[in-house]
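Q: turn this into a structure:
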Amino acid sequence: MPHTEYEIIEENDLQFSSYHLFVIKVKDSGIGIPGDKLDLVFEPFYEVQDAINHMTSKTEFMGGGIGLGLTLAKEIFESHRGSLLLESEEKKGSIFTVVLPYSRLVEEHIVQ
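A: Coordinates of the predicted model:
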């Protein structure tokens with residue numbers, strides 16, 4: 001049985017005048033998400049319901065959660081003035097991009 005693999009494909013620290021942006025992209029080798037469903041995956045309790053396409057290396061399952069993980073993750077990042085972005089292509093996988101701003105003052109405090 002195939003299983004989904006994940007890898008970090010990009011990690012950046014973009015510097016602007018008064019803040020930095022930490023950017024990380026994570027790519028999976030999963031089933032991908034249809035274009036008309038991209039916005040829905042961030043809605044509470046939304047799940048892709050195709051059991052044929054959902055499997056781990058050991059078991060097949062319907063969904064895998066209650067549909068709150070991406071909703072909570074996006075809300076957490078947005079509460080820190082960041083964002084969680086999604087690019088996906090059916091049968092090829094998805095790329096999730098996390099963007100988090102941070103102050104240069106915070107960076108200087110951490111270094112000291």
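Q: following the longest helix that the chain contains, which helix or strand comes up?
A: Criterion DSSP state H: the longest helix present in the chain is helix 69-79. Counting by DSSP states H and E, the next helix or strand C-terminal to helix 69-79 is strand 83-89.
Q: now for the residue nearest to S94 when sequence neighbours are not counted: which residues touch it?
A: Closest residue to S94 apart from its sequence neighbours, by C-beta to C-beta, 6 or more residues apart in numbering: S88 at 3.9 Å. Where you see a C-beta, it was placed from the backbone N, CA and C, and this is true even at glycine. If you count contacts by C-beta atoms under 8 Å, 6 or more residues apart in numbering, S88 has them with 32-33, 35, 38, 94-95.
Q: selection in PyMOL covering whichever of those residues are buried, please.
A: Only the buried members of the contacts of S88 end up in this PyMOL selection, burial being decided by 16 or more other C-beta atoms under 10 Å:
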select buried, resi 32+33+94+95
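Q: wait, which of the contacts of S88 is closest to G67?
A: Minimum distance to G67 across those is 13.3 Å, recorded for I33 (C-beta to C-beta).
Q: any idea how far E7 is from the closest one?
A: Using C-beta to C-beta, to the nearest Å, one obtains 18 Å as the distance from I33 to E7.
Q: next one: L70
A: Taken as C-beta to C-beta, the span from L70 to E7 is 19 Å.
Q: check H20 too.
A: Taking C-beta to C-beta, one finds H20 at 24 Å from E7.
Q: neighbour count for these two, which is higher?
A: H20 (17 against 9; other C-beta atoms under 10 Å).
Q: what are the ranges of the helices in this protein?
A: Going by DSSP H, the chain shows helices at 69-79, 104-111.
Q: any idea which of these scores lowest on pLDDT?
A: Among the helices of the chain, helix 104-111 carries the lowest mean pLDDT, at a mean of 56.
Q: number of nearby residues for K25?
A: 17.
Q: beta partners of it?
A: E10, T97 (DSSP bridges).
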